[in-house]
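[1] Sequence plus the predicted model coming up.
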Amino acid sequence: MAKLRRDGRLPGGWGGGKLKALLLRALVVGVVLGLGSGCRQCAAQENPLGEIHTQPPAPPAKSADDKKPVIEGASNAAALATSRTDAKIRVDVNLVLVPMTVTDPMNRLVTGLERENFQVFENNQGQVIKSFSTQDAPVTIGIIFDLSGSMSSKFVRARKALSEFLRTSNPQDEFFVVGFNDRPAVIVDYTSEIDDVEARMVMLKPQNRTALIDAIYLGVSKLKQAKYDRKALLVISDGGDNRSRYTENELRRVVRESDVQIYSIGIFDQYANTQEEQLGPLLLNDICEMTGGRLFRVNDIADLGDIASRISAELRNEYVVGYRPTNLKADGNWRKLKVRLVPPAGLPPLTVHNRQGYYAPSE
C-alpha cells in the first residue's frame, strides 16, 4: 500500500489532498474496529452464557411378577421402570401424597414393596395410609449445570452424563437447563426435545467462578412455570459456592417451601483447597435429603453415565403413599414427616428416602 506523505498527499499519481489521506486513514481504522468486533463475537459464541440475561428470582417470602421386592442394578433399573401417577407431596383438602424411593445397603433401588410395608408419621403421630401407587408420570426437570472454570477437565464427561440422563427419562418429561459460573442463566428453556438440550450444551465453555446457590435458587423459581405437578432438579457440579448473592439459609428456606425433589451429581476433588470446596458437598447433601432426593458422589469420572441413569431410574420408580392427616387445622405450620419401613422377611436393612415435611394449608 502507498505510504502517505508528510503533507497528507498520496504519492505516485493518486492525486487528491489531505481529504483523501483522511479517508484512507478512516478506512483502515474502520477495518481494524470491524475485526475487533468480530473477535468479540467469536468469544461470545464460545461462551453463550455471557450473552444471556436472565431476570434473577425475587427474594424468598419470609412467611411461614410376583409381588416380592426387587433390587435393581444401575444397568437395568431404567428399562424396568413402570408408570406412575402424581408423585409430589400434595396437600388437598384432606389428603397428603408423599413420594419416596427405597434402597438396599449397596445403594441399589428396591421395587415391588406393598402398602403394608410402609408406616407414615406426621409430627410423630401415626397416620392411616389411604392410597398407594408405584406409577410413572411425566415430570418437569430443571438441570443445574456447573460451567465454572474448575469444570474444564470434566465438562465433556459431564455433558455425556446429562445426555444419558435425558435419554433414560420418561419420553414425555420436559426439561430446562440453567448454566452457571459467575452468575446463573437459563440457557435452554422448557423443551421435551433432547436434541435441543444437547445441541446447546456443545456450544458452552467452562470458565470463571461458581454461583451455585444462585443457580439452584433460579431453578426452583423457574419450576413455578412447570407444566407437570411433579417437579425435580438435577444439579451437576464439582464444588462449593464462591460467587452467589443469596445465602445458604435463604436457599434452604425456599427449598423447604417448594415442592421439588433435588438430586445432585457431585464431581468433587479429593483434596478441597478452600472452605467453599469443603462445604459444597455438605450443602448439596443437605438440600437433597431435605426434598427426598439424593447426592451421588462421583469417585471415578467414568461412572458419570451410570450415575445419571440411576437417578433417572429413581425418578421413574417411586412409591407414592397418601393419607388423611389427623391434624386438620389450616394453620400453615410445618409438619414433620417420617416413613418407617416394615420390609418382608429375608431382606437386608433398607433405607427410605422421602421429603422431611410440608407446610399445612393456611386460612
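    All right, it came through fine.
[2] shaky segments in the stretch 101-250 of the chain?
    Residues of the stretch 101-250 of the chain meeting the criterion pLDDT under 70: none.
[3] show me where it has helices.
    155-167, 194-202, 212-222, 248-257 (DSSP state H, counting those that start in this stretch).
[4] Dump these into CSV; add distance to residue 104 and mean neighbour count as well.
    Backbone N, C-alpha and C define where each C-beta goes, glycine included. Shown next, in CSV, are the helices of the stretch 101-250 of the chain (distance: least, CB to CB, whole Å; neighbours: other CB atoms under 10 Å):
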stretch, distance to residue 104, mean neighbour count
helix 155-167, 22, 19
helix 194-202, 31, 15
helix 212-222, 29, 25
helix 248-257, 27, 16
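[5] Let me have the ones you listed in CSV, adding distance to residue 148 as columns.
    What follows is the helices of the stretch 101-250 of the chain, written out as CSV (distance: least, CB to CB, whole Å):
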stretch, distance to residue 148
helix 155-167, 10
helix 194-202, 15
helix 212-222, 9
helix 248-257, 17
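[6] Out of these, the one nearest residue 359 is which?
    Among the helices of the stretch 101-250 of the chain, the nearest to residue 359 by CB to CB is helix 248-257 (6.6 Å).
[7] just to revisit the earlier point, of all the helices of the stretch 101-250 of the chain, which lies closest to residue 353?
    Evaluated with CB to CB, these place helix 248-257 nearest to residue 353, the distance being 15.4 Å.
[8] Kindly state which of the helices of the stretch 101-250 of the chain is positioned closest to residue 263.
    Comparing the helices of the stretch 101-250 of the chain against residue 263 with CB to CB, the closest turns out to be helix 155-167 (9.4 Å).
[9] Quick one: residues in contact with that closest one.
    Helix 155-167 has contacts (CB atoms under 8 Å, 6 or more residues apart in numbering) with 143, 145-147, 151, 175, 194, 197-198, 201-202, 204, 206, 234, 236, 265, 267, 301-302, 304-305, 307-309, 311-312.
[10] Of those residues, grab the buried ones for ChimeraX.
    Entered in ChimeraX, the line below selects the buried ones among the contacts of helix 155-167, by 16 or more other CB atoms under 10 Å:
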select :143,145,146,147,151,175,194,197,198,201,204,206,234,236,265,267,304,305,307,308,309,311,312
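[11] Of the contacts of helix 155-167, which belong to strands?
    143, 145, 146, 175, 234, 236, 265 (DSSP state E).
[12] From residue 270, how far off is the fifth one?
    Yep, that's residue 234 we're talking about. According to CB to CB, to the nearest Å, residue 234 stands 23 Å off from residue 270.
[13] Check residue 152 too.
    Counting by CB to CB, the gap from residue 152 to residue 270 is 17 Å.
[14] What of residue 341?
    Distance of residue 341 to residue 270, computed by CB to CB: 34 Å.
[15] Give me the more crowded residue out of these two.
    residue 341 (16 against 5; other CB atoms under 10 Å).
[16] so what's the more buried one up against?
    By CB under 8 Å, 6+ apart, the residues touching residue 341 are 102, 113, 117, 118, 119, 350, 352.
[17] Equivalent analysis for residue 139, please.
    Counted by CB under 8 Å, 6+ apart, residue 139 has contacts 87, 169, 170, 173, 228, 230, 231, 232, 315.
[18] Over to the residue lying closest to it once chain neighbours are set aside: give its phi and psi.
    With CB to CB, 6 or more residues apart in numbering as the criterion, residue 139 has its nearest non-adjacent residue at 4.0 Å, and that residue is residue 230. Main-chain torsions, residue 230, degrees, to the nearest 10: phi -80, psi 130.
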